[in-house]
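*Asks:* what follows is a predicted structure for the sequence shown.
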Number of protein chains: 2
Amino acid sequence: MSTALALLTPADSAACCSPLSAQPLTTEQAEQVAPLMKALADPVRLRLMSLIASHDGGEACVCDLNDAFDLSQPTISHHLKVLHEAGLVDRDKRGVWVYYRARQQALAAIGALIGCTPI
Amino acid sequence: MSTALALLTPADSAACCSPLSAQPLTTEQAEQVAPLMKALADPVRLRLMSLIASHDGGEACVCDLNDAFDLSQPTISHHLKVLHEAGLVDRDKRGVWVYYRARQQALAAIGALIGCTPI
DNA sequence: ACGAGACATTGACGGCTGTCAATATAGAGG
DNA sequence: CCTCTATATTGACAGCCGTCAATGTCTCGT
């Protein structure tokens, strides 16, 4: 959800490089951001995220994603659920197909914390 | 180690925003970066990293770090080991004290992948 | 040499994670 | 309705993770 994002966007909008190196994170901040990173800290989910984000229209259908891996369909479905529950992707069911869309703000939130995002 | 970094720095130096959204990660790239993110995807280690990175001189002694948490000394030592083995911090023993230093390149590598780092 | 302080390692424990096979659900088309 | 296709859920299993208490290792004073 956007609760994690709210913690990052307000004050650090102006500052440029790595809040992580600028001042220590509060316990609260760390506990909000860690789940986002944890959701992304898996090879399969990293590839899923990049496949979704770089796909035409910024969204991808599960059927496309399944083919990119040597994993069972339920496993991919599980990883997508993890990404979704972390607030990293949106779910959109259209007919028989389900489309996942990358939430750029969530990615930006992590990027802003770790590295540096020009907001 | 810098093996993970090497995969990211070469081509994407020029491009600005989120390689993750620009083109899909290869399996190899994902498997190299995921461990770095996994090492950082913990509230305690996130705070440790930020405490180290934002400390005077870019380094911090374990004794300082211990006091910032309500955790046992071995637990902090364990987390520092995880960060160190992931290549996120350097270890420097000086006398009785051990100093940990943030490896900016490693942070930048993750940041460049997820968000956007002006290199 | 000895004691004390700073940090690491070991061993143990409950809890979480990634994976699959099997099964369920839910639209679309006939 | 019935079946097919697309996706999700459940249940099970091995393996990893975060934590602590106990112990080990190193280094500086004395």
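*Replies:* Thanks, I have the structure now. Residues are numbered from 1 along each chain as shown, chains lettered A, B, ... in the order given.
*Asks:* got a pLDDT number for the residue lying closest to A:Trp97 once chain neighbours are set aside?
*Replies:* Nearest residue to A:Trp97, sequence neighbours excluded (CB to CB, 6 or more residues apart in numbering or on different chains): A:Cys61, at 4.8 Å. No exception for glycine: its C-beta is placed from N, CA and C like everyone else's. pLDDT for A:Cys61: 97.
*Asks:* show me the contacts for A:Cys61.
*Replies:* Counting by CB atoms under 8 Å, 6 or more residues apart in numbering or on different chains, A:Cys61 touches A:Trp97, A:Val98, A:Tyr99, A:Tyr100.
*Asks:* quick check: bridge partners of it?
*Replies:* A:Tyr99 (DSSP bridges).
*Asks:* what's the most distant pair in the contacts of A:Cys61?
*Replies:* Largest separation among the contacts of A:Cys61 by CB to CB: A:Trp97 and A:Tyr100, giving 10.5 Å.
*Asks:* what residues are shared contacts of the two?
*Replies:* Residues touching both A:Trp97 and A:Tyr100 by CB under 8 Å, 6+ apart: A:Cys61, A:Val62.
*Asks:* nearest to chain B, of the contacts of A:Cys61?
*Replies:* Nearest to chain B out of the contacts of A:Cys61 is A:Tyr100 (CB to the nearest CB; 13.6 Å).
*Asks:* need the contact list for that closest one.
*Replies:* A:Tyr100 sits next to A:52, A:59-62, A:65, A:80, A:83-84, A:89-92 when contact means CB under 8 Å, 6+ apart.
*Asks:* can I get these in TSV with secondary structure and distance to B:Gln73?
*Replies:* Formatted as TSV, the contacts of A:Tyr100 follow (DSSP: H, G, I helix; E, B strand; the rest coil; distance: CB to CB, whole Å):
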residue	secondary structure	distance to B:Gln73
A:Ile52	helix	42
A:Glu59	strand	48
A:Ala60	strand	46
A:Cys61	strand	50
A:Val62	helix	47
A:Leu65	helix	44
A:Leu80	helix	40
A:Leu83	helix	36
A:His84	helix	38
A:Val89	strand	39
A:Asp90	strand	43
A:Arg91	strand	44
A:Asp92	strand	49
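*Asks:* now the residues you listed as JSON lines including distance to DNA strand D?
*Replies:* What follows is the contacts of A:Tyr100, written out as JSON lines (distance: CB to the nearest atom of the strand, whole Å):
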{"residue": "A:Ile52", "distance to DNA strand D": "12"}
{"residue": "A:Glu59", "distance to DNA strand D": "11"}
{"residue": "A:Ala60", "distance to DNA strand D": "9"}
{"residue": "A:Cys61", "distance to DNA strand D": "4"}
{"residue": "A:Val62", "distance to DNA strand D": "4"}
{"residue": "A:Leu65", "distance to DNA strand D": "8"}
{"residue": "A:Leu80", "distance to DNA strand D": "5"}
{"residue": "A:Leu83", "distance to DNA strand D": "11"}
{"residue": "A:His84", "distance to DNA strand D": "8"}
{"residue": "A:Val89", "distance to DNA strand D": "10"}
{"residue": "A:Asp90", "distance to DNA strand D": "11"}
{"residue": "A:Arg91", "distance to DNA strand D": "6"}
{"residue": "A:Asp92", "distance to DNA strand D": "10"}
